[in-house]
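**Student:** Show me how the following folds:
(one chain, ligands or ions: 2)
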Amino acid sequence: MRHALFKPVLEEIKKIVEETPDTRSFYFDKDGWAGHTPGQFAELWVPGVGEIPISIASPSKSDELVFTVKKVGTVTSALFEKKVGDTIGLRGPFGNGFPLQEFGEKNLVFVGGGIGLPPLMSVILEVLGKNKISLFYGARTPADIVYKQLLNELKDKIDIYLTVDVGDGSWGGEVGVVTNLLRPERVHPYNSVALMCGPGIMMYYTVKRLLELGFREENIYLSLEHHMKCAVGKCGHCRIGPYYVCIDGPVFPYSKLREVEERFAGTVF
Ligand SMILES: Cc1cc2nc3c(=O)[nH]c(=O)nc-3n(C[C@H](O)[C@H](O)[C@H](O)COP(=O)(O)OP(=O)(O)OC[C@H]3O[C@@H](n4cnc5c(N)ncnc54)[C@H](O)[C@@H]3O)c2cc1C
Ligand code: FES
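**Tutor:** Ligands and ions are numbered 1, 2, ... in the order given. Model prediction:
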């Protein structure tokens, strides 16, 4: 795979994994890919249909490039028509990713909602064995939990807390919003950094909760999933205040986003 920022390179789909009834992971070989930082994204182009930004779900050290996609509309539906051996176009990697060097050996607290888990999983797999990791993840129903098998494999290595909005007969775990999982006995701000990705409303309340628990604004990182077109800072579609989410983000410390809301009356969530 060649590195491409402006023109998509056609790549063959090597494997497809059904994660949930409406979410699939698409696997590609990584030969020639320039490498990425967890938290960066790529543009996936379905010829004749359109292009969409999707987070890179695999860690930088993996031999595979993985994208986990939820079917929500035109392009994602066309992508779901593709089979192993078909090709799609890829551009990237784009954006800044999470500043892992700055995190050092701090405790990492991940908070994910729904299809917000893929960019966080890229980080988790990158730092596994190095940092103490806690993952708080909320999905709509038990069937909507992505990476079930992987979460099962990880449960002896990291602390995992799951919740669903609506349970079913088989669900013995917690029911409610993901912020309910964030309790003082499980989350401590000392020497910790929080990383989150999910729906705007979930991130809004998660930030509030983390601040209540004593986290400093600069130790809370959000990955934003704003609407985009060019992904290279040219079209202005993703602009919030002085920032373009595609090049200055998608990862921002909350301290920067609060400033956007206050000084530039920008809508962040
Ligand atoms: C940096 C970044 C990373 C992303 N990572 C992932 C990922 O790993 N997996 C994944 O499944 N999705 C991810 N998304 C969201 C994904 O880009 C959209 O779901 C996709 O563009 C929808 O395209 P569509 O043509 O199928 O839907 P459309 O037909 O364009 O729209 C269908 C519905 O989806 C909504 N929608 C469209 N774009 C977005 C968006 N950016 N965010 C939220 N809702 C949207 C529309 O408002 C509409 O309600 C990411 C978005 C960004 C900006
Ligand atoms: S998507 Fe065009 S400027 Fe960000």
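
**Student:** Domain ranges for this structure, per the record?
**Tutor:** 4-94, 100-223 (automatic domain parsing).

**Student:** any idea whether the closest residue to Ile160 other than its chain neighbours is helix, strand or coil?
**Tutor:** Counting by Cβ to Cβ, 6 or more residues apart in numbering, Ile160 lies nearest to Leu135, which is 4.9 Å off, once chain neighbours are set aside. All C-beta atoms are positioned from the backbone trio N, CA, C, and that covers glycine. Following DSSP: H, G, I helix; E, B strand; the rest coil, Leu135 is assigned to strand.

**Student:** OK, contacts around Leu135?
**Tutor:** Listed by Cβ atoms under 8 Å, 6 or more residues apart in numbering, the contact partners of Leu135 are 110, 112, 120, 124, 151, 154, 158-161.

**Student:** Tell me the one of those residues nearest ligand 1?
**Tutor:** Leu120 (10.1 Å; Cβ to the nearest ligand atom).

**Student:** Pull the number of nearby residues for the residue of the stretch 51-200 of the chain found nearest ligand 1.
**Tutor:** The nearest approach of the stretch 51-200 of the chain to ligand 1 comes at Gly73, 2.2 Å away (Cβ to the nearest ligand atom). Applying other Cβ atoms under 10 Å, we find 10 residues neighbouring Gly73.

**Student:** And the domains of the chain: which comes nearest ligand 2?
**Tutor:** Closest to ligand 2 of the domains of the chain, according to Cβ to the nearest ligand atom: domain 4-94, at 7.9 Å.

**Student:** avg pLDDT for that closest one?
**Tutor:** If you average the pLDDT over domain 4-94, you get 94.

**Student:** That domain spans what distance, first to last residue?
**Tutor:** End-to-end distance for domain 4-94: 10 Å, by Cα to Cα, to the nearest Å.

**Student:** Please apply the same query to stretch 179-196.
**Tutor:** End-to-end distance for stretch 179-196, by Cα to Cα: 12 Å.

**Student:** What residues sit buried inside it?
**Tutor:** 179, 181-182, 187, 189, 192-196 (16 or more other Cβ atoms under 10 Å).

**Student:** Repeat that for stretch 143-157.
**Tutor:** Using 16+ other Cβ under 10 Å as the test for burial, stretch 143-157 gives 144-147, 150-151, 154.

**Student:** Stretch 211-225 too?
**Tutor:** 213, 215, 219-225.

**Student:** how about that stretch as CSV, C-alpha atoms only?
**Tutor:** C-alpha atoms of stretch 211-225 as CSV (Å, rounded to 0.1, in the frame of the first residue of the first chain):
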residue,chain,number,x,y,z
LEU,A,211,-13.9,17.2,36.1
GLU,A,212,-16.0,16.4,39.1
LEU,A,213,-13.7,13.5,39.8
GLY,A,214,-10.8,15.9,39.9
PHE,A,215,-9.2,15.6,36.4
ARG,A,216,-7.5,18.7,35.0
GLU,A,217,-8.8,20.0,31.7
GLU,A,218,-5.5,19.4,30.0
ASN,A,219,-5.5,15.7,31.0
ILE,A,220,-8.8,15.0,29.2
TYR,A,221,-8.5,14.2,25.5
LEU,A,222,-11.4,14.0,23.1
SER,A,223,-11.4,12.6,19.6
LEU,A,224,-14.0,14.5,17.6
GLU,A,225,-16.0,13.0,14.6
